[in-house]
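S.K.: No sequence on hand, only this structure:
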DNA sequence: TTGTAGGCGTTATCAC
DNA sequence: GTGATAACGCCTACAA
């Protein structure tokens, strides 16, 4: 377990100066050194297993090649882990490292985390939330290149990327309408978050386009868990005329819809069709029959955010203006919970 | 957005040398400087918002204060995210940063990741897997302080921490036996992993202690998903005499058990009791009635691993010998799926 | 008790 | 084309 080779070792071994090694390895512009020198240096570097020390390089270049990712509960919540993944994979392919800070939603922890990011000299920060939220950016962050993921500020702000909730709600409803349904219930959550309003808007938009009058009685709000879904759907399915399809705010609520339908003696999808939202692993595909739902673009948001962040770091001038949030589409995942309405 | 203050700025402002600043801030042993000097330095540091540059410090001390965490799919899988969380929280409270590498199970990505960790000069590495596995440690890692989490080597090896599968299987079965069940089925998965053998062993151990003969007919193996659980439990529940309780390998299989019971017209827990494993969010608590299950100690494994890793880094001599894996208990989470057997 | 100076491994600015 | 050499910000042996 000996010391890692340094640039000096490579220089000595290749019979050149450290300057030459640095140039050969970094393809420095405007310094044309002979091909065979460059090749020789590269070979010895390879042979010695040399890789530049990022701390030293960073000290010199004032660039750590590290990105900070600060989030509330993201590491705990299932599908949001894919956001980390998307960020991490893009960062790594481009030679950057990702440093993770999980605040658990605690402002003190957040302050400590930001301090830690500063100390590590991260070149930029990703600020992510566990679900689509409107946030205020901690002022301590605004000094650094910053991108929000699954979160955005009120109005324009730093670059941000969020799911297209409206399109999601629209496509979910559309899928039901295209199967011939005319009475489509909506089991909605009761929080005041962008997803609530967005998905409802998409639902209404799809109805309107199909020439179906919006009926507020067909929209029932409950908490966004399995039990809430059960409650909402019980109520919806006991109405006359009974809705032949229900769009659920998320897959957990859809899980409750399955229970409600079973209790009433309705089969899915023969008697009632269901569409969820989130494509939540082990639920959407674990339910029987498999749940048709919409996928949140977490991986894509993570990837987009890192790419955007690296643009910002390369050219901070772009950072100047506030911009509107970018939305990414939620693709429809078809399984077996949607069919034509009963005759 | 001006340059961050350096140690020199603090020294100048406080009217001392940089040496004094360094000593005052780092509480260097054996250099007793007057309390008021120390205080003055601390105050100016505070006022200026000074925090040492970790790259510079690391370059000098050959210590990056960064831990690498390399894993296969851990960022994607739901409950395993808690392992990251446990690691991250402990690391951060002790002033260390966590650098995340997700290989997706691809050996090439793993090699690139290890290379990246080396370049960032991480002081130690956590090697984690998405579920309890027996692994071979990549030789490129053995040069660094290393701890395995939710993974271990065949036989003794570097420090490793895994869940106590046997205790889990034992406690699950025990919970059923204590409610008076004598015919306890086991819906087991069919993979050759430590959890399979461990949980089965715990099951048998509990039966034996209770003086109940082990009946291989009561153990049915299927794939460890919802469908597999359904299949296994259909078969178990159609036997005569019918088992009055089923221990399922995991919560997804338990989800299938619920469906099987419903189809046959059996109520949980009145007619049949069910215990799962994993305490998987949104499933264990989303099912109706709530599923009694065992919690995997992911958070604790992450925390334990980081603590152990920091011991190793502080005193590499301890790294010398190979040791057996440490196990952490899986606590029982009681909900509503267990009752006394029908009369 | 306090300060000066050297060096950690790089990159970049100069001479040659 | 190539190579000394001066930073980058910090810690620490050594000198004062």
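M.R.: Sure thing, it's come through. For clarity, every value in this text was computed on a predicted model and none was experimentally measured.

S.K.: where do the helices sit along the stretch 51-200 of chain A?
M.R.: With DSSP state H, counting those that start in this stretch as the criterion, the stretch 51-200 of chain A has helices at A:54-61, A:81-93, A:107-119, A:165-178, A:194-209.

S.K.: and the longest one, what does it pack onto?
M.R.: Contacts of helix A:194-209 with other secondary structure elements, assessed using 3 or more Cβ pairs under 8 Å, 6 or more residues apart in numbering or on different chains; DSSP states H and E, are made with strand A:124-134, helix A:165-178, strand A:184-188. Any C-beta I mention is one placed from the backbone N, CA and C, and that applies to glycine too.

S.K.: what residues does the longest one touch?
M.R.: By Cβ atoms under 8 Å, 6 or more residues apart in numbering or on different chains, the residues outside helix A:165-178 that reach it are A:132, A:184, A:194-195, A:197-203, A:205-207, A:210, A:212, A:245, A:247, A:273, A:275, A:277, A:292, A:294, A:327, A:329-330, A:332, A:334, A:338.

S.K.: Any buried residues in that helix, and which?
M.R.: Judged by neighbour count using 16 or more other Cβ atoms under 10 Å in any protein chain shown, the buried positions of helix A:165-178 are A:165-177.

S.K.: Residue numbers of chain A in contact with DNA strand D?
M.R.: By Cβ under 7 Å from any atom of the strand, the residues of chain A that approach DNA strand D are A:15-20, A:31-34, A:37, A:56, A:59-60, A:62.

S.K.: Pull out the buried residues from the residues you listed.
M.R.: Buried members of the residues of chain A next to DNA strand D, counted by 16+ other Cβ under 10 Å: A:16, A:20, A:37, A:56, A:59.

S.K.: how about those residues, which pair is most distant?
M.R.: For those, the maximum inter-member distance is 27.1 Å, found between A:37 and A:59 (Cβ to Cβ).

S.K.: List the contacts of the helix or strand harbouring residue A:39.
M.R.: Following DSSP states H and E, one finds residue A:39 within helix A:35-48. Applying Cβ under 8 Å, 6+ apart, the set of residues contacting helix A:35-48 from outside is A:5, A:9, A:10, A:13, A:14, A:16, A:20, A:21, A:24, A:25, A:50.

S.K.: so where does the fourth one fall, helix or strand?
M.R.: In the assignment (DSSP H and E), residue A:13 maps to helix A:7-14.

S.K.: which residues does the spatially most central residue of chain A contact?
M.R.: Closest to where the C-alpha atoms of chain A average out (Cα atoms, centre = their mean) is residue A:298, at 2.6 Å. For residue A:298, the contacting residues are A:79, A:80, A:81, A:82, A:83, A:86, A:150, taking Cβ under 8 Å, 6+ apart as the criterion.

S.K.: Next: residue A:237.
M.R.: With contact set as Cβ under 8 Å, 6+ apart, residue A:237 has these partners: A:185, A:243, A:246, A:260, A:261, A:264, A:266, A:272.

S.K.: do the same with residue A:72
M.R.: A:102, A:103, A:104, A:105, A:128, A:129, A:130.

S.K.: Including distance to chain B, could these go into CSV?
M.R.: CSV is the format used below for the contacts of residue A:72 (distance: Cβ to the nearest Cβ, whole Å):
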residue, distance to chain B
A:102, 5
A:103, 10
A:104, 8
A:105, 12
A:128, 13
A:129, 15
A:130, 11
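
S.K.: Measure how buried the closest residue to residue A:324 other than its chain neighbours is and give me the count.
M.R.: Taking Cβ to Cβ, 6 or more residues apart in numbering or on different chains, and ignoring the residues beside it in sequence, residue A:324 has residue A:156 as its nearest neighbour in space, at 5.5 Å. Taking other Cβ atoms under 10 Å in any protein chain shown as the neighbour definition, residue A:156 ends up with a count of 12.

S.K.: my guess is residue A:156 contacts residue A:326, does it?
M.R.: No: taking Cβ atoms under 8 Å as the definition, residue A:156 is not a contact partner of residue A:326, at 11.8 Å.

S.K.: Let me have the helices of the stretch 51-200 of chain A in a markdown table, adding distance to residue B:45 as columns.
M.R.: Listed next are the helices of the stretch 51-200 of chain A as a markdown table, based on distance: least, Cβ to Cβ, whole Å:
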| stretch | distance to residue B:45 |
| --- | --- |
| helix A:54-61 | 20 |
| helix A:81-93 | 32 |
| helix A:107-119 | 13 |
| helix A:165-178 | 46 |
| helix A:194-209 | 42 |
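
S.K.: need those helices in TSV with mean pLDDT, can you?
M.R.: Converted to TSV, those look like this (pLDDT from 0 to 100):
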stretch	mean pLDDT
helix A:54-61	93
helix A:81-93	91
helix A:107-119	90
helix A:165-178	98
helix A:194-209	98
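
S.K.: Can you tell me which of those helices is nearest to residue B:283?
M.R.: Taking Cβ to Cβ as the criterion, helix A:81-93 is the member of these that comes nearest to residue B:283, at 16.2 Å.

S.K.: for the closest one, packing partners?
M.R.: Checking 3+ Cβ pairs under 8 Å, 6+ apart, helix A:81-93 ends up next to strand A:66-71, strand A:97-102, strand A:124-134, strand A:146-152, helix A:298-314, strand B:97-102, helix B:107-119.

S.K.: is any part of the fifth one close to DNA strand C?
M.R.: What that stands for is helix A:298-314. No: Helix A:298-314 stays out of contact with DNA strand C when judged by Cβ under 7 Å from any atom of the strand, the minimum separation being 13.9 Å.

S.K.: angle of that helix against strand A:66-71?
M.R.: Here helix A:298-314 points in a direction 130 degrees away from that of strand A:66-71 (axes from the mean of the first three to the mean of the last three Cα atoms, to 10 degrees).

S.K.: hmm, back to that, which of the contacts of helix A:35-48 are close to DNA strand C?
M.R.: Restricting those to those touching DNA strand C (Cβ under 7 Å from any atom of the strand) yields A:25, A:50.
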